[in-house]
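Asks: generate coordinates for the sequence data below:
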Amino acid sequence: MRTFGLIGYPLAHSFSKKFFTEKFEKEGIAAHKYELFPIENIAAVVSLIAADNSLGGLNVTIPHKVGVIPYLNEMEPAAEKIGAVNCISIQQKDGETWLKGYNTDAFGFQESLKPYLKEYHTHALILGDGGAAKAVKYVLDQLNITYLSVVRTSVPDAILYTDLTKELMEKYQVVINTTPLGTFPNIEAAPAIPYQWLTSKHLAYDLVYNPEVTEFLKRAKAQGAAIKNGYEMLELQAERSWTIWNS
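Replies: Residues are numbered from 1 along each chain as shown. Next up is the predicted model:
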């Protein structure tokens with residue numbers, strides 16, 4: 001039996017468990033299972049891995065994407081630069097358990113974003129500056145897209161929602177929501193941007209995928225903007241994890 005799983009806290013709803021359980025069934029992958037490991041304190045990851053020698057890899061979600069880093073033996077360059085890990089490969093090297101960290105969020109985001117980009121999409125607004133924004137910033141750097149973070153409470157290198165002017169909205173034609181605003185069940189919530197200044201040249205990308213069309217995307221679409229939710233990003237990052245665990 002090979003076991004994979006997700007660590008985080010709390011883990012009431014998991015895209016990953018559903019995705020991998022269905023994948024194993026659909027593709028006839030026998031003797032594989034995917035479990036949820038709700039651990040409140042990240043230090044518990046040590047005993048979790050030690051207790052189960054069938055563990056081949058873990059996904060990592062909130063709030064442990066940064067806290068897990070000191071427990072790793074190695075990190076891929078992208079994860080190191082981003083400063084967050086959401087995938088761990090578990091291998092045995094010379095009798096020692098070897099943990100390597102990856103960031104597959106960046107891969108998922110980049111591959112799902114690229115088909116929607118036009119030549120004039122050279123500037124992006126990142127709504128929110130939490131953990132999810134780290135991978136987004138890394139990808140925009142890779143794509144040579146200049147970005148500006150927009151936050152509710154003043155922090156360095158970011159502007160406030162109240163600072164968004166018509167001129168800024170005209171210049172920054174990619175708008176990426178990295179906040180949880182609009183997630184089920186609070187589906188009427190949306191980031192407080194001036195939607196009236198969005199146009200058909202804008203691309204609105206929401207990392208939220210439940211509901212499929214968030215209030216943020218609804219308002220952007222009403223202005224003629226192209227829209228994209230985060231579901232494909234999740235699928236792509238999960239498949240990337242699977243590739244890593246089997247390489």
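Asks: contacting residues around the one residue sitting closest to the centre of the chain?
Replies: The geometric centre of the chain, computed from its C-alpha atoms, lies nearest to residue 105 (C-alpha atoms, centre = their mean), at 4.3 Å. Neighbouring residues of residue 105 by C-beta atoms under 8 Å, 6 or more residues apart in numbering: 84, 86, 132, 135, 233, 237. All C-beta atoms are positioned from the backbone trio N, CA, C, and that covers glycine.
Asks: could you redo the last one with a cut-off of 6 Å?
Replies: Residues in contact with residue 105 (C-beta atoms under 6 Å, 6 or more residues apart in numbering) are 86, 135, 237.
Asks: quick one: strands adjacent to the host helix or strand of residue 100?
Replies: Following DSSP states H and E, one finds residue 100 within strand 96-102. For strand 96-102, the pairing partners within the sheet under DSSP bridges are strand 74-75 (parallel), strand 87-93 (antiparallel).
Asks: which of those strands sits closest to residue 52?
Replies: Shortest distance between residue 52 and the strands paired with strand 96-102, using C-beta to C-beta, is found for strand 87-93: 9.5 Å.
Asks: alpha carbons only: can I get the closest one in CSV?
Replies: The C-alpha coordinates for strand 87-93 follow below in CSV (Å, rounded to 0.1, in the frame of the first residue of the first chain):
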residue,chain,number,x,y,z
CYS,A,87,3.9,19.4,-1.7
ILE,A,88,6.4,17.1,0.0
SER,A,89,8.0,14.0,-1.4
ILE,A,90,9.0,11.3,1.1
GLN,A,91,11.9,9.0,0.2
GLN,A,92,14.4,6.8,1.9
LYS,A,93,18.1,7.8,1.3
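Asks: for that strand, what is the average pLDDT?
Replies: Averaging pLDDT along strand 87-93 gives 96.
Asks: cool, and stretch 110-119?
Replies: Stretch 110-119 shows a mean pLDDT of 98 in the predicted model.
Asks: how far away from the center of its chain is that stretch?
Replies: Offset of stretch 110-119 from its chain centre (C-alpha atoms, centre = their mean, to the nearest Å): 16 Å.
Asks: in this protein, where's the longest helix?
Replies: Across the chain, the longest stretch assigned as helix under DSSP state H is helix 231-245.
Asks: name the surrounding residues that touch it.
Replies: In contact with helix 231-245 (C-beta under 6 Å, 6+ apart) are residues 15, 19, 56-57, 59, 87, 89, 102, 104-105, 107-109, 111-112, 209.
Asks: and the strand holding residue 100, C-alpha only, in PDB?
Replies: What follows is strand 96-102, C-alpha atoms only, in PDB (Å, rounded to 0.1, in the frame of the first residue of the first chain):
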ATOM      1  CA  GLU A  96      17.200   8.100   6.400                       C
ATOM      2  CA  THR A  97      13.800   9.600   5.600                       C
ATOM      3  CA  TRP A  98      14.400  12.400   3.100                       C
ATOM      4  CA  LEU A  99      11.800  15.100   2.800                       C
ATOM      5  CA  LYS A 100      11.900  17.500  -0.200                       C
ATOM      6  CA  GLY A 101       9.500  20.400  -0.500                       C
ATOM      7  CA  TYR A 102       7.900  21.800  -3.700                       C
END
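Asks: list the contacts of that strand.
Replies: Residues outside strand 96-102 that contact it (C-beta under 6 Å, 6+ apart): 72-76, 79, 85, 87-91, 244.
Asks: could you check the angle that strand makes with helix 231-245?
Replies: 150 degrees (axes from the mean of the first three to the mean of the last three C-alpha atoms, to 10 degrees).
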